[in-house]
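Asks: Sequence isn't available, so here's the structure alone:
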Ligand code: SF4
């Protein structure tokens, strides 16, 4: 059974074992300059592939500006 | 080209000798005034008050222009001025992005002030030659060149009948002509426009630099708002500056060690992170092509859509293959971000330079997007050729892209047809027609002459001819204040709609780029949040224009620990670098709050300048509906999920029970109302009335309650 998480204030389906990298892939967040917090805790880039996201988590994927 | 013969044909109209002077703490403390009506040349002192309130760069430009014009001055009146000013930081070489200058004038596109931030060597060289700004008023009777010799201490105005107008040949001729020898070419900088600037409101200025590694002349552009048209209206062929040889501390700064330390830190970031962040050294801002496409922000077919399946044909990897990166790809010395990329040996296939192998500066993202997907072109060779011709003819790539996209959509709607365009088949994707359009602009003929005046004037012209419904043209014509939109789709970001249409000069993204913060991150959900962002970022970014700085090193690379800071979007370490560098150059003691205050003063001055010229009010901040939502059914259907969801979740409507017309109408009413609410919130945050007028209390608070400003706002506040 799967629950949900919140990513940038939007509800997203959660599944067991889901990682930060999975979220980026599913949301097609391909931009490189990201700041990611799971329940307020900063997740550094080298941990994205294996950082597990718990059910119900509040995930913030901040895209920093560039270009513009 | 026989430079000696060209030079021999010059007639000296005026020679003015001056003392070379010194630069202290980033300022020469004088400006150079030239009037071409009677060939007056004089020096003007820079007061302490001017430095305190207006700082430099755009601030100096605004102050000088205010004093030169009246509320009824038009862009082509002799009293309009063309002002170029670097800022106090411009010309240091120990930190990246420190060689910019600002061009300020009344714009033929907007009839208000335009300011354009540009690289190339002219700004710093002007300062090294003794001046914090050059201010040119009046009109010459025949084509002239203004030459500033900062080695000899001499300004000349010379009639120059024979040089060609197009910038890639003109800049080369003048660099060779005014350099003492081949080695001295690096010390010569040329400002010129191009043949199309004789006819087109979208005429821009090229600022040259001599690329020592390539032994070639390259150019950076002051693109927006018709500065090149003003140059040519004054019958100036070019402004040339020959500078003394560059040395380590030309600005006589107060604390060079502090600047060097920040520079070293920044350079380490570039070395360590650029390859995994924005790849600016490899591909420049063109790295954004596929990112904007992925996030549905890449303007396609006149901003109708935000992506296209053919993006792979013109994405950053394609440009990486075309570019030949070198460490000299900076537009000023010492820039390790070095994003000013070059496509070498490009063979031109049309027009007067057909068959020539040329060097193309760029394309940067804006040019690639505007000359590419926005007009339906996905052929890199066409984009390069359009970019080359825009540059050498002196045309703004952004405006050219957006106005051509508008004309193409009009063509698709039947507002235009082959008869009305004089045979041009302006369908999306017809790159050859776009090239013919540009050649017509350079000759001042045919439909090119009409299109070259921009979207606003095209709308009027088509309506007067009875060719189309003015309302639909208003909706799809991507201009605000008379300036064409730059190349981002703002439809799904309310904050960016403000970031575009609430700008002082018109919809250029250099005040605020908030799309990620707003649309993707959902970081600024309330009107108050958006208003705060639309206060902070425009003020912060105004500061670059006061200083002579490039914005890109601020946030196109970020320090390793940026994510751990309180406000990563502001890149606090880089903000601190800027505060430190300003203090180290000038000996001031500002902090990051005073930095915003410095900008706020100039920003409000510019707003009131606009009001003085009959604009700058709420009505002038209105946006075309395409910037906010879907104008056509096709556009609605292409994002039906998104729009239907908004109707359902936000407005409590049942899209399944509505016709497409009803859905579009409900979406439009909602989005237009949201924008009005945004205006209210932002004006309040900026200390303005609901009509968009800065209040006297606010002007007092920021230390900008100058009598001439009060005189403009007072009658409006009393209403
Ligand atoms: S970052 Fe790019 S545009 Fe800015 S100064 Fe450096 S080379 Fe020029």
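Replies: Nice, thanks for sending it over. None of the values given here were measured: they were computed from a predicted structure.

Asks: In chain A, where is pLDDT below threshold?
Replies: Scanning chain A for pLDDT under 70 picks out the ranges A:1, A:66-68.

Asks: So which bits of it are right by chain B?
Replies: A:8-10, A:28-33, A:35-36, A:42, A:44, A:60-68 (Cβ under 8 Å from any Cβ of the partner chain). Placement of C-beta: from N, CA and C, glycine included.

Asks: tell me the domain ranges of chain B?
Replies: Residue ranges for the domains of chain B, per automatic domain parsing: B:3-242, B:256-484, B:494-523+B:533-717.

Asks: would you turn the ones you listed into TSV with mean pLDDT, distance to the ligand and mean neighbour count?
Replies: Output for those, formatted as TSV (pLDDT from 0 to 100; distance: least, Cβ to the nearest ligand atom, whole Å; neighbours: other Cβ atoms under 10 Å in any protein chain shown):
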stretch	mean pLDDT	distance to the ligand	mean neighbour count
domain B:3-242	98	4	22
domain B:256-484	97	3	21
domain B:494-523+B:533-717	97	3	19
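
Asks: As a markdown table, those with distance to residue A:16 would be great.
Replies: Formatted as a markdown table, the domains of chain B follow (distance: least, Cβ to Cβ, whole Å):
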| stretch | distance to residue A:16 |
| --- | --- |
| domain B:3-242 | 46 |
| domain B:256-484 | 28 |
| domain B:494-523+B:533-717 | 26 |
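
Asks: Contacts only, for residue 64.
Replies: In the absence of a named chain, this looks at chain A. For residue A:64, the contacting residues are A:33, A:34, A:35, B:516, B:555, B:558, B:562, B:568, B:569, B:571, by Cβ atoms under 8 Å, 6 or more residues apart in numbering or on different chains.

Asks: meant chain B, my bad for not saying
Replies: Contacts of residue B:64 (Cβ under 8 Å, 6+ apart): B:31, B:81, B:83, B:104, B:133, B:135.

Asks: between these, which is nearest chain A?
Replies: Chain A has its nearest neighbour among these in residue B:104, at 21.7 Å by Cβ to the nearest Cβ.

Asks: Now do the closest residue to residue A:12 other than its chain neighbours against chain B, distance only.
Replies: In space, residue A:12 comes closest to residue A:5 once its chain neighbours are excluded; the distance is 5.5 Å by Cβ to Cβ, 6 or more residues apart in numbering or on different chains. Residue A:5 sits 14 Å away from chain B, going by Cβ to the nearest Cβ, to the nearest Å.

Asks: Residue A:5 touches residue A:53, doesn't it?
Replies: Yes. Here residue A:5 reaches residue A:53: they are 6.1 Å apart, a contact under Cβ atoms under 8 Å.

Asks: Now do the shared contacts for these two.
Replies: In terms of Cβ under 8 Å, 6+ apart, residue A:5 and residue A:53 are both contacted by the residues A:14, A:18, A:23, A:59.

Asks: so where do the strands sit in chain A?
Replies: Taking DSSP state E, the strands of chain A run over residues A:4-7, A:10-13, A:34-38, A:41-43, A:58-63.

Asks: And the helix or strand hosting residue B:583, what does it pack against?
Replies: Secondary structure from DSSP states H and E places residue B:583 in helix B:572-586. Contacts defined by 3 or more Cβ pairs under 8 Å, 6 or more residues apart in numbering or on different chains; DSSP states H and E place helix B:572-586 against helix B:256-273, helix B:527-547, helix B:552-555, helix B:592-612.

Asks: which secondary structure elements does the helix or strand just after the first one contact?
Replies: Read it as helix B:256-273. Downstream of helix B:256-273, the first helix or strand assigned by DSSP H and E is helix B:280-283. Under the contact definition 3+ Cβ pairs under 8 Å, 6+ apart, helix B:280-283 sits against helix B:316-322.

Asks: let's see it at 10 Å
Replies: With contacts defined as 3 or more Cβ pairs under 10 Å, 6 or more residues apart in numbering or on different chains; DSSP states H and E, the packing partners of helix B:280-283 are helix B:256-273, helix B:316-322.

Asks: Contacts (any at all) between chain A and the last one?
Replies: No. Figure legend: helix B:316-322 not in contact with chain A (Cβ under 10 Å from any Cβ of the partner chain); closest approach 11.4 Å.

Asks: hang on, the earlier thing: could you dump the helices and strands packed on helix B:280-283 to JSON lines with distance to residue B:461?
Replies: Formatted as JSON lines, the helices and strands packed on helix B:280-283 follow (distance: least, Cβ to Cβ, whole Å):
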{"stretch": "helix B:256-273", "distance to residue B:461": "48"}
{"stretch": "helix B:316-322", "distance to residue B:461": "36"}
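
Asks: circling back: okay, the strands of chain A in a markdown table with mean neighbour count and distance to the ligand next?
Replies: Below are the strands of chain A laid out as a markdown table (neighbours: other Cβ atoms under 10 Å in any protein chain shown; distance: least, Cβ to the nearest ligand atom, whole Å):
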| stretch | mean neighbour count | distance to the ligand |
| --- | --- | --- |
| strand A:4-7 | 18 | 32 |
| strand A:10-13 | 11 | 34 |
| strand A:34-38 | 20 | 22 |
| strand A:41-43 | 14 | 28 |
| strand A:58-63 | 20 | 20 |
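
Asks: Can you check which of these gets nearest to residue B:644?
Replies: Of all the strands of chain A, it is strand A:10-13 that lies closest to residue B:644, at 16.0 Å by Cβ to Cβ.

Asks: Please name every helix or strand in contact with the closest one.
Replies: Judged by 3+ Cβ pairs under 10 Å, 6+ apart, the packing partners of strand A:10-13 are strand A:4-7, helix A:20-26.

Asks: what's the next secondary structure element after the lengthiest helix in chain B?
Replies: Identified as the longest helix of chain B according to DSSP state H is helix B:660-686. Next helix or strand after helix B:660-686 toward the C-terminus (DSSP H and E): helix B:696-701.

Asks: what's that following helix in contact with?
Replies: Contacts with helix B:696-701, where a contact means Cβ atoms under 10 Å, 6 or more residues apart in numbering or on different chains, come from B:597, B:600-601, B:604-605, B:608, B:686-689, B:695, B:704-706, B:709-710, B:713-714, B:717.

Asks: Give the bridge partners for whichever residue of the stretch 51-200 of chain B sits closest to chain A, please.
Replies: Using Cβ to the nearest Cβ, the single residue of the stretch 51-200 of chain B nearest to chain A is residue B:117, 13.0 Å away. Beta-bridge pairing for residue B:117 (DSSP bridges): residue B:102.

Asks: Tell me if I'm right that it and residue B:84 touch.
Replies: No. Counting by Cβ atoms under 10 Å, residue B:117 does not reach residue B:84; the two are 11.2 Å apart.

Asks: Mutual contacts of those two, please.
Replies: Taking Cβ under 10 Å, 6+ apart as the criterion, residue B:117 and residue B:84 both touch B:57, B:101, B:102, B:103, B:123, B:222.

Asks: For the first one, list the residues it contacts.
Replies: So the one you mean is residue B:57. Contacts for residue B:57 (Cβ under 10 Å, 6+ apart) come out as B:84-90, B:100-104, B:115, B:117, B:123, B:132-133, B:542-549, B:602.

Asks: Please repeat the previous calculation with a cut-off of 7 Å.
Replies: Residue B:57 makes contacts with B:85, B:86, B:87, B:101, B:102, B:545, B:546, B:547, B:548, as judged by Cβ atoms under 7 Å, 6 or more residues apart in numbering or on different chains.

Asks: now do the second one
Replies: Residue B:101 makes contact with B:57, B:84, B:85, B:86, B:90, B:118, B:122, B:123, B:548 under the criterion Cβ under 7 Å, 6+ apart.

Asks: Now secondary structure too, for those, in TSV please.
Replies: Listed next are those as TSV, based on DSSP: H, G, I helix; E, B strand; the rest coil:
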residue	secondary structure
B:57	coil
B:84	strand
B:85	strand
B:86	strand
B:90	coil
B:118	strand
B:122	helix
B:123	helix
B:548	coil
